[in-house]
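Peer 1: Below: sequence and its predicted model.
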Amino acid sequence: MATLRLHSLTGAREEIPTPSFVSNPRMLSPSFHCNKKRVSRRMTVNAMGGGAKYKGTLMREKQLTEMIEKKVTEAKQVCEGDETSDECKVAWDEVEEVSQAKADLRLRLEVEKKDPLESFCQENPETEECKVYEDW
Amino acid sequence: MAVSTLYTTQALNSACSISTPAKTHVGFHQKQVVFYRRSSKRVGGGGSGVITCSAGDSQTVVIGLAADSGCGKSTFMRRLTSVFGGAAEPPKGGNPDSNTLISDTTTVICLDDYHSLDRTGRKEKGVTALDPRANDFDLMYEQVKALKSGIAVDKPIYNHVTGLLDPPELIKPPKILVIEGLHPMFDDRVRDLLDFSIYLDISNEVKFAWKIQRDMAERGHSLESIKASIEARKPDFDAYIDPQKQYADAVIEVLPTQLIPDDNEGKVLRVRLIMKEGVENFSPVYLFDEGSTISWIPCGRKLTCSYPGIKFHYGPDTYFGNEVSILEMDGQFDRLDELIYVESHLSNISTKFYGEVTQQMLKHADFPGSNNGTGLFQTIVGLKIRDLYEQITSSKAAAPLEATKA
C-alpha cells in the first residue's frame, strides 16, 4: 500500500491513502502516475524522509519502464529466428536486468520509503536531478 | 610527513580501520588518534572506554551470498544487516547508482561490480551476465583479499540503470564483508576467502510465481515474456550458478508447499535450511534431538493455527556428497504466538535472549517472507553469522564485541 504525502507550500502535510494493491507491495500500476504534476522547489529537505521524489529518481523510473518495454520487444524479435541462440539469451538477460533494477527502485521507494537520491540531493539541492516533484 | 585528517564516526562501532582516502592501499600501520565522546544513551556493563583499532590487524569476516535476485537490496541482506544492528545504506554522497550498502558493522558488495563487460560488451560477445566470461574474477579475488587483510580498495561500480561501468568508489575494510551476487563461490580463490557461504536456491515454480508478482504490472511484460526470460536464462544459470550450491555452508531452498495440493500461487512455501556439518564456528540448528529425524506439527492442543498450518521436519542427510542437517518448514505463521512457540522449540539458534528471532521477524514484518520459512531461516542464518563472527574475533583476541555493540 502506498501513501502519498502532500507537501503544500505552507508546509502543512496531509496523508492520502491510495488504493492498496493486494499482492506484493513492490507492484505499482503505471497508471498510478496522474496527469497533474505540481512542481515546488524546496530548499529544506523533508526531515521525515521518503514520500517526496526527486526529479532524478522519477526520470530513472521512467527510463527503466521504457527500457523494459523496449527490451521485451527486442528480445521477442531476436528470438524469432532461433530461441537457443546466444543473441536470444542475451536479449532476455537484459530484460531480466532492467526488470530487476526497476523492482529494486520500487522497493526502495515504497517499502523503505527512501529516495535513492536522498543523500546526494542533500549535498547538491540545486542540481536539475534534485528538483522535487509532487505526484498526486 | 604528518597528515592529520579529521574523520567523524557516527557510532563507536563504525569500522575503525581508517585509511587515507588519497591513496587506496595502506600497506603499513599508521598511528591513529581517535577522539570520541561516549554516548550517554548507552548503558554499558563496565565499559572501560578502550577503543582498539584493527588497522592492518584486521579481522574482517567475509560472507558470500549467492542469489539471483539483484544486489544488496534483497530482503536477506536487509535482515542480515539488521541482526548486526543498524540499517545498511548506500554510501553517502557517492554515486547514487552504487550497489554497495554500508552499515555500522557491515559492508555489502554487489558482485555485479566486477563485470568485465558492460551491457554493450556482453551483447557484442553474446554472453549473459551469468557467464563467467562477463566477470573479472582476478579483480574480485584481489579486492576481497585486500579488504579481508584490512586494506581499502577502489572498487568499480556497475550501473544497472545505464548498463555501464562507472568510476570506482572507495571501500574501506569493514568488520563484516558480505559479497552478494551470482558468483561468490565460483572462483576457488575467492571461495577460500569466505568464512561462511550461503546459497539461496529458489525452485523454478517459485521463481516463476515471484517474477510474475514482480513484473506483471510493468508495461511490456506479460506472462509469456516473464516465462521466456526465465527459460532463456536457464541454461547459463544451470551451467554456471547452480553448481555453486555444493560449496555452500548453508543452502536455503525455497519450494512450493506440500500442504496445499496443486498450489501454484507461490504464497505458501516450503523452505529447507540445508546446513553443512563440520563447518568451523558453525553449529547447525536442530529440533529437539540433534542428529535424529523429527517430524513436527506444532499446531494442536497448545497452539491453534489457521489453514494450511505449519509442518516442520528435521534430520541428517547428504547433499552433493557432504554430510548435512536439514531443517524444513512448510506453511505460514499467522500470529505472533505461533512464531514464539516455534522459536522456543528450536535449538542452536544462537540467540542472545529468548524471543530474539521473533523480535527480528517482527521488526521487519513488512518484508516479504516474514510469515514463512524464508524469513525465519534468513533471520536464523543472520544470527548464526553473528555467532560465527563473535567466535572468530574472540579467538583472535581482538576488542570484545561488547565495546562496539550498537
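Peer 2: Nice, I can see it.
Peer 1: Under the pLDDT cut-off, which ranges of chain B? List them.
Peer 2: Where chain B drops to pLDDT under 70, the residues are B:1-58, B:69-70, B:72-73, B:397-406.
Peer 1: could you point out the longest helix in it?
Peer 2: The residue-count maximum for a helix in chain B (DSSP state H) belongs to helix B:373-395.
Peer 1: Can you give me the first-to-last residue distance of stretch B:367-379?
Peer 2: Using C-alpha to C-alpha, to the nearest Å, the end-to-end distance of stretch B:367-379 comes out at 12 Å.
Peer 1: quick one: it near chain A?
Peer 2: Yes - applying C-beta under 8 Å from any C-beta of the partner chain, one finds stretch B:367-379 touching chain A at B:367-368. For every residue, glycine as well, the C-beta is placed using N, CA and C.
Peer 1: ok, so what distance separates the residue of the stretch 251-400 of chain B found nearest chain A from A:E110?
Peer 2: Proximity of the stretch 251-400 of chain B to chain A (C-beta to the nearest C-beta) peaks at B:D366, 6.2 Å away. According to C-beta to C-beta, to the nearest Å, B:D366 stands 10 Å off from A:E110.
Peer 1: more crowded one of those two?
Peer 2: Applying other C-beta atoms under 10 Å in any protein chain shown to B:D366 and A:E110 shows that A:E110 carries more neighbours, namely 19 against 11.
Peer 1: what about that one, distance to chain B?
Peer 2: According to C-beta to the nearest C-beta, to the nearest Å, A:E110 and chain B sit 10 Å apart.
Peer 1: all helices of the chain, in order?
Peer 2: Reading this off chain A. Using DSSP H, helices in chain A cover A:55-81, A:86-110, A:118-123.
Peer 1: not what I meant, chain B
Peer 2: So, for chain B - with DSSP H - the helices run B:75-83, B:119-125, B:137-148, B:188-193, B:204-215, B:223-236, B:336-345, B:356-363, B:373-395.
Peer 1: Using neighbour counts, pick out the buried residues of the shortest one.
Peer 2: Okay, so that is helix B:188-193. B:190-191, B:193 (16 or more other C-beta atoms under 10 Å in any protein chain shown).
Peer 1: Could you list the residues in contact with it?
Peer 2: Contacting residues not belonging to helix B:188-193 are listed as B:62, B:64, B:137, B:140-141, B:144-145, B:148, B:179, B:184-185, B:197, B:247 [C-beta atoms under 8 Å, 6 or more residues apart in numbering or on different chains].
Peer 1: Which one of the buried residues of helix B:188-193 is nearest to chain A?
Peer 2: B:V190 (22.4 Å).
Peer 1: leaving aside the residues next to it on the chain, what's closest to the closest one?
Peer 2: Excluding the flanking residues, the one nearest B:V190 by C-beta to C-beta, 6 or more residues apart in numbering or on different chains is B:Y141, at 5.1 Å.
Peer 1: show me the contacts for that neighbour.
Peer 2: B:187, B:189-190, B:193.
Peer 1: Can I get those in CSV including distance to B:Y307?
Peer 2: Listed next are the contacts of B:Y141 as CSV, based on distance: C-beta to C-beta, whole Å:
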residue, distance to B:Y307
B:D187, 46
B:R189, 50
B:V190, 45
B:L193, 46
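Peer 1: what's the burial count for A:K71?
Peer 2: 22.
Peer 1: show me what contacts it?
Peer 2: A:91, A:94-95, A:98, B:220.
Peer 1: from what I can see B:T107 touches B:I179, true?
Peer 2: No - if you go by C-beta atoms under 8 Å, B:T107 and B:I179 don't touch, sitting 9.6 Å apart.
Peer 1: Comparing the two, which shows the higher neighbour count?
Peer 2: B:I179 (28 against 24).
Peer 1: Return a ChimeraX selection command for the buried portion of the contacts of helix B:188-193.
Peer 2: Those of these that count as buried under 16+ other C-beta under 10 Å are selected in ChimeraX with:
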select /B:62,64,137,140,141,144,145,148,179,184,185,197,247
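Peer 1: For the residue nearest the centre of chain B, give me its contacts.
Peer 2: In chain B, the residue lying closest to the centroid (C-alpha atoms, centre = their mean) is B:M77, at 4.5 Å. Counting by C-beta under 8 Å, 6+ apart, B:M77 touches B:65, B:88, B:101, B:108, B:178, B:180.
Peer 1: circling back: nearest to B:N348, out of the contacts of B:Y141: which one, please.
Peer 2: Of all those, B:L193 has the smallest distance to B:N348: 25.9 Å, by C-beta to C-beta.
Peer 1: Could you tell me which residues within stretch B:263-276 count as buried?
Peer 2: B:263, B:266-276.
Peer 1: what does stretch B:220-240 give?
Peer 2: Residues of stretch B:220-240 classed as buried: B:220-221, B:225-226, B:228-230, B:232-234, B:236-237, B:240 (neighbour count, 16+ other C-beta under 10 Å).
Peer 1: Among these, which one sits closest to B:I380?
Peer 2: B:F237 (26.5 Å).
Peer 1: backbone phi and psi for the closest residue to that closest one other than its chain neighbours, please?
Peer 2: The shortest distance from B:F237 to any non-neighbouring residue, by C-beta to C-beta, 6+ apart, is to B:L130 (5.7 Å). Torsion angles at B:L130 (phi, psi; degrees, to the nearest 10) stand at phi -70, psi -20.
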